[in-house]
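1. need a 3D model of the sequence below.
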Amino acid sequence: MRERMSVPDLERYVTQIMLDMGIPAHLKGYHYLREAILISEQDMETVTSVTKLLYPSIAKRYHTTEQKVERAIRNAIEVSWQRGNISIFEELFGYSSLNGRQRPTNSEYIFRLADKIRLDIAG
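-> The predicted model follows:
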């Protein structure tokens, strides 16, 4: 079994994936989404209850409201869905905006990225 990735390395890895997906780093949702992915990678149960567990913990850390966290994450996902790397979306979700499909929900997006990262670092 491989050693667990250090926190800074894990953060860099998540950041690189997000940038590859076309999420602009200047958006507030970028930071909230990165935090959501990191939390979910540690505990996949949080994705099953984003409104009760995930958003409140992010809102508390960033001194904002749960609604603002949800909206900012939704906006970041929307921007990446419209402008991001189509081939990465095809690989991760099995579809992209080219298929005429709507973007994944916040929880789908977070879960899929957290799951990918968890599997990637497991070796």
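2. surely Ala82 and Ser97 touch.
-> To be clear, residue 82 is Gln; Ala isn't right here. Yes. Using C-beta atoms under 8 Å, Gln82 is in contact with Ser97, at 6.4 Å. No exception for glycine: its C-beta is placed from N, CA and C like everyone else's.
3. which one's more surrounded, these two?
-> Legend: neighbour count by other C-beta atoms under 10 Å for Gln82 and Ser97, higher for Ser97 (15 against 10).
4. separation between that one and Asn75?
-> Using C-beta to C-beta, to the nearest Å, Ser97 is found at 16 Å from Asn75.
5. likewise for Phe93?
-> In terms of C-beta to C-beta, Phe93 sits 18 Å off from Asn75.
6. do Leu98 as well
-> According to C-beta to C-beta, Leu98 and Asn75 sit 21 Å apart.
7. same drill for these two, tell me which one is more crowded.
-> Between Leu98 and Asn75, counting by other C-beta under 10 Å, Asn75 is the more crowded of the two (16 against 9).
8. which residues of this structure score low on pLDDT?
-> Across the chain, residues meeting the criterion (pLDDT under 70) sit at 1-4, 123.
9. now do the same end-to-end measure for stretch 35-50.
-> Start-to-end span of stretch 35-50 (C-alpha to C-alpha, to the nearest Å) is 12 Å.
10. what about the closest residue to Met44 other than its chain neighbours, how many residues nearby?
-> Leaving aside its chain neighbours, Met44 sits nearest to Ala114 (6.6 Å; criterion: C-beta to C-beta, 6 or more residues apart in numbering). Per other C-beta under 10 Å, the neighbour tally for Ala114 reads 22.
11. for Ala114, what is the enclosing helix or strand?
-> Assigned by DSSP states H and E, Ala114 belongs to helix 106-122.
12. could I have that helix exported to PDB, CA atoms only?
-> The C-alpha trace of helix 106-122 is given here as PDB (Å, rounded to 0.1, in the frame of the first residue of the first chain):
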ATOM      1  CA  ASN A 106     -22.700  20.400  -7.600                       C
ATOM      2  CA  SER A 107     -22.800  17.100  -5.700                       C
ATOM      3  CA  GLU A 108     -22.100  15.000  -8.900                       C
ATOM      4  CA  TYR A 109     -19.200  17.200  -9.800                       C
ATOM      5  CA  ILE A 110     -17.700  17.200  -6.300                       C
ATOM      6  CA  PHE A 111     -18.200  13.400  -5.900                       C
ATOM      7  CA  ARG A 112     -16.700  12.500  -9.300                       C
ATOM      8  CA  LEU A 113     -13.600  14.700  -8.800                       C
ATOM      9  CA  ALA A 114     -13.200  13.500  -5.200                       C
ATOM     10  CA  ASP A 115     -13.600   9.900  -6.300                       C
ATOM     11  CA  LYS A 116     -11.100  10.300  -9.100                       C
ATOM     12  CA  ILE A 117      -8.500  11.800  -6.800                       C
ATOM     13  CA  ARG A 118      -9.100   9.100  -4.200                       C
ATOM     14  CA  LEU A 119      -8.600   6.400  -6.800                       C
ATOM     15  CA  ASP A 120      -5.600   8.200  -8.300                       C
ATOM     16  CA  ILE A 121      -3.700   8.500  -5.100                       C
ATOM     17  CA  ALA A 122      -4.500   5.000  -4.000                       C
END
